[in-house]
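Asks: Got a sequence here, can you build the structure:
(chains A and B)
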Amino acid sequence: MRAFWNLALTQIKIYLREPAAAFFTLAWAPLMLILFGSIYGNDPATFVGGYGFIDATTAAYIAMVIDNVGLLTIPVDVAMKRETGMLHRLRATPLRSSTFILADVLTYIIVLMLGTLIMCAVAVFGFGAQFYGNWGLLFLAFLLTTFAMYAMGYLLAAIAPSVQVANIFGFIVGFIMMFLSGATIPMEVLPPAVQNISRFIPLTYGVRLLKASWLQGSWEGEGLSVGVLLGVALICSALAARFWRWE
Amino acid sequence: MHDVIWVEGLHKTYGAVKAVDGVDLIVEEGEIFGMVGPNGAGKTTTIECIEGLRTPDSGKITVLGMDPQKQSSDLYELIGMQLQGSSLYPHIKVGEAIELFSSFYSHPAPKDELLERLGLSEKENVYFFKLSGGQKQRLFICLALINKPQLVFFDELTTGLDPQARRATWDLVRGVREQGHTVFLTTHFMDEAENLCDRVAVMDHGKIVALGKPSDLIEQYAHETRIRLPQSLKEETDWLSAIRGVNSVEVGEDFTLINFNNENIVELLQLLDQHGISLKGLHIQQSSLEDVFLSLTGNEMRD
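Replies: Numbers count the residues shown, from 1 in each chain, chains lettered A, B, ... in the order given. Below is the predicted model:
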């Protein structure tokens, strides 16, 4: 247990020391929120389904932060640990492989939670965001979306032959999902043709589930979302484990 | 004295390449055992199979009485490793790295003691990426010694270091042995093997081609000594070549090289003197492990 906590805490510290990762995890979503919040305020808007702009956006932005860490950071970060020989070095200790993986995932979950909390704090205290939902469901939606996105991130890291390729994979998948899932641009303003594409993007279902949890406090009619996220999470985890390399 | 490492019939193939092709060796307690060979000879594959980081295709390996492939977690409590081509998080501090790795072991050495021993006390709060090559290597030695291991592996420990850092690293390795640990190292520097190792295995094309004390190997495979005189002895070649023990004579514009068997040196010098040949500027070149290496593995360039 000592090894597990030590590894997770050390990795969190190191993560936050790396300027680019820290910026995109902790500052990017709050800055976007401040930018668009200053433009639209929190008045009910038809382009976010009649909810207050900030209320609806904050829920969607949680998915954006998850995407940021899961796809823009994890593939390149994990591939880096492999390519530089760090994983190789850790393997030459009594540390168990499973302990490493769990501590590694926990690292990215803790930094994600930090980023999410900062963003929510800006929404609530800066723009008076209202919460109409269910905290328990929101937390579950958060975990489920994170599970799915992280599994995709680790899979990309596992199959990428190099850090550069992992970076490209992460950018392509991460940015497509960020902009076409409703996480950044509300689904309601996307043209119908693009909305059709969005149906095939896993993060779309994360955004739906997070918004349903925040705005309605109910997952009614979200069976498909839960199914897609769980399916992506399990399949990608299994594939990531299958293709995982320590060096 | 008992065997710390025992390897028999080790084979490892990557695709069509026989990286390790039948290696047998025994390492005894308290010795510094070296493995030398050109790049691609199979040194790293061999050491990593012994460490349990790779799985051999066939062969038996016992390290401290354990099977390194099956009992790696138990074995790693007792051995230390410095690996080739490994790294740490760029933004980890030296002290944090030691604390982190300490938490993986049941009985780690105190951090301050390790830092002091490796001369890193002043670098405790410095990021890994800011360390020099020599400092990084010392940190890796630190990590290899963190669990007070009975057996330490060093793979290409001094590659990339400047001559001062190399000498300092040798002293560290000797210090490790003086504390009663056994050392297994690989190197492609012959002077390093000759200076540091009690016994050396010369490896080429996945096989051990010679094994023994450096002095014995030199005796056996490179018993020639070379004398260089700063004058041309063109007229004298015939009788010089006829001297007992002289293998060859090479004459240049302003120098002469005489290659001869070690034991005849006094006799040869006396003869030169008797023939009125000045011994001024005479240079005697003793054979080294480098000559053993070249005579065993050939001179051609390898990838």
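Asks: before we move on, which element is B:Lys18 in?
Replies: Under DSSP states H and E, the secondary-structure element containing B:Lys18 is strand B:17-28.
Asks: Can you mark which positions in that strand are buried?
Replies: By neighbour count with 16 or more other CB atoms under 10 Å in any protein chain shown, strand B:17-28 contains the buried residues B:18-20, B:23, B:25, B:27. The C-beta positions use only the backbone N, C-alpha and C, and glycine is treated the same way.
Asks: which among those gets closest to B:Pro56?
Replies: Of all these, B:Pro56 sits closest to B:Val20, with 7.3 Å by CB to CB.
Asks: what's the closest of the buried residues of strand B:17-28 to B:Phe33?
Replies: Distances from these to B:Phe33 were compared by CB to CB; the smallest belongs to B:Val27, at 4.5 Å.
Asks: In contact with the nearest residue to the closest one once chain neighbours are set aside, which residues?
Replies: Setting aside the residues directly before and after it, B:Val27 is nearest to B:Ile5 in space (CB to CB, 6 or more residues apart in numbering or on different chains), at 3.9 Å. Contacts for B:Ile5 (CB atoms under 8 Å, 6 or more residues apart in numbering or on different chains) come out as B:25-27, B:33, B:50, B:61-63, B:151, B:182, B:184.
Asks: What is the nearest of the residues you listed to A:Met187?
Replies: The closest of these to A:Met187 turns out to be B:Ile50 (CB to CB; 58.0 Å).
Asks: Quick check, pLDDT for the residue nearest the centre of chain A.
Replies: By CA atoms, centre = their mean, the mean C-alpha position of chain A lies nearest to A:Ile66, the distance being 1.3 Å. What the model reports for A:Ile66 is a pLDDT of 97.
Asks: got it, and B:Ile47?
Replies: On the pLDDT scale, B:Ile47 is placed at 94.
Asks: Would you map the strands across chain B?
Replies: Along chain B, the segments classed as strands by DSSP state E run B:3-14, B:17-28, B:32-36, B:58-63, B:79-82, B:151-155, B:182-187, B:199-204, B:207-212, B:224-229, B:246-251, B:256-261, B:283-285.
Asks: Can you lay out those as a markdown table showing distance to B:Gly42 and mean pLDDT?
Replies: Formatted as a markdown table, the entries for these read as follows, by distance: least, CB to CB, whole Å; pLDDT from 0 to 100:
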| stretch | distance to B:Gly42 | mean pLDDT |
| --- | --- | --- |
| strand B:3-14 | 8 | 94 |
| strand B:17-28 | 5 | 93 |
| strand B:32-36 | 9 | 94 |
| strand B:58-63 | 13 | 95 |
| strand B:79-82 | 18 | 94 |
| strand B:151-155 | 12 | 94 |
| strand B:182-187 | 10 | 94 |
| strand B:199-204 | 6 | 92 |
| strand B:207-212 | 8 | 92 |
| strand B:224-229 | 28 | 84 |
| strand B:246-251 | 32 | 85 |
| strand B:256-261 | 32 | 85 |
| strand B:283-285 | 31 | 84 |
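Asks: Need the ones you listed in JSON lines (columns: distance to A:Tyr205).
Replies: Shown next, in JSON lines, are the strands of chain B (distance: least, CB to CB, whole Å):
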{"stretch": "strand B:3-14", "distance to A:Tyr205": "43"}
{"stretch": "strand B:17-28", "distance to A:Tyr205": "47"}
{"stretch": "strand B:32-36", "distance to A:Tyr205": "56"}
{"stretch": "strand B:58-63", "distance to A:Tyr205": "50"}
{"stretch": "strand B:79-82", "distance to A:Tyr205": "45"}
{"stretch": "strand B:151-155", "distance to A:Tyr205": "48"}
{"stretch": "strand B:182-187", "distance to A:Tyr205": "52"}
{"stretch": "strand B:199-204", "distance to A:Tyr205": "56"}
{"stretch": "strand B:207-212", "distance to A:Tyr205": "58"}
{"stretch": "strand B:224-229", "distance to A:Tyr205": "78"}
{"stretch": "strand B:246-251", "distance to A:Tyr205": "81"}
{"stretch": "strand B:256-261", "distance to A:Tyr205": "80"}
{"stretch": "strand B:283-285", "distance to A:Tyr205": "77"}
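Asks: Just tell me which of those strands ends up closest to B:Lys70.
Replies: Once CB to CB is applied to the strands of chain B, the stretch that comes out nearest is strand B:58-63, at 10.3 Å.
Asks: Just the buried residues of stretch A:208-222, please?
Replies: Along stretch A:208-222, the positions that meet the burial threshold by neighbour count (16+ other CB under 10 Å) are A:208-217, A:219, A:222.
Asks: Can you pick out the most distant pair from those?
Replies: In those, the most distant members under the criterion CB to CB are A:Arg208 and A:Gly217, with 14.2 Å between them.
Asks: Show me where chain A dips below the pLDDT cut-off.
Replies: Low-confidence segments of chain A, defined by pLDDT under 70: none present.
Asks: Enumerate every residue touching B:Thr45.
Replies: Residues in contact with B:Thr45, defined by CB under 8 Å, 6+ apart, are B:12, B:19-20, B:54.
Asks: would you list these in CSV and tack on distance to chain A?
Replies: Putting the contacts of B:Thr45 into CSV (distance: CB to the nearest CB, whole Å) gives the following:
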residue, distance to chain A
B:Lys12, 15
B:Ala19, 15
B:Val20, 18
B:Arg54, 10
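Asks: I'd say A:Pro202 and A:Met177 touch.
Replies: Yes: the pair A:Pro202 and A:Met177 passes the contact test of CB atoms under 8 Å, sitting 7.2 Å apart.
Asks: what sits up against stretch A:116-130?
Replies: For stretch A:116-130, the surrounding residues in contact (CB under 8 Å, 6+ apart) are A:26-27, A:29-30, A:33-34, A:37, A:41-42, A:52, A:54-55, A:57-58, A:61-62, A:65-66, A:131, A:142.
Asks: mind listing the helices for the chain?
Replies: Chain wasn't specified; assuming chain A. For chain A, applying DSSP state H gives helices covering A:2-17, A:19-22, A:28-40, A:53-67, A:74-83, A:86-91, A:97-121, A:127, A:135-159, A:163-180, A:192-198, A:202-211, A:223-243.
Asks: meant chain B actually
Replies: Going by DSSP H, chain B shows helices at B:43-50, B:72-76, B:94-102, B:111-117, B:133-145, B:163-178, B:190-196, B:214-221, B:237-242, B:265-274, B:289-297.
Asks: Columns distance to A:Arg245 on top of the ones you listed, output as TSV?
Replies: As requested, the helices of chain B are arranged in TSV below (distance: least, CB to CB, whole Å):
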stretch	distance to A:Arg245
helix B:43-50	15
helix B:72-76	18
helix B:94-102	22
helix B:111-117	31
helix B:133-145	22
helix B:163-178	31
helix B:190-196	32
helix B:214-221	39
helix B:237-242	61
helix B:265-274	57
helix B:289-297	32
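Asks: what's the most buried one of the ones you listed?
Replies: Counting by mean count of other CB atoms under 10 Å in any protein chain shown, helix B:43-50 has the highest mean neighbour count of these, with a mean of 24.
Asks: Residues of the stretch 1-150 of chain B that sit close to chain A?
Replies: With CB under 8 Å from any CB of the partner chain as the criterion, the stretch 1-150 of chain B meets chain A at residues B:51, B:53, B:73-74, B:76-77, B:81, B:83, B:85-92, B:96, B:99-101, B:103-105, B:143.
Asks: okay, now the domains of chain B?
Replies: Using automatic domain parsing, the domain parsing of chain B gives B:3-78+B:149-219, B:224-286.
Asks: would a markdown table of these with distance to A:Gly70 be doable?
Replies: As requested, the domains of chain B are arranged in a markdown table below (distance: least, CB to CB, whole Å):
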| stretch | distance to A:Gly70 |
| --- | --- |
| domain B:3-78+B:149-219 | 30 |
| domain B:224-286 | 63 |
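Asks: Chain B contacts on chain A?
Replies: Applying the criterion CB under 8 Å from any CB, the portion of chain A that neighbours chain B consists of A:2-3, A:6-7, A:10-11, A:13-14, A:17-18, A:81, A:84-86, A:88-89, A:91-96.
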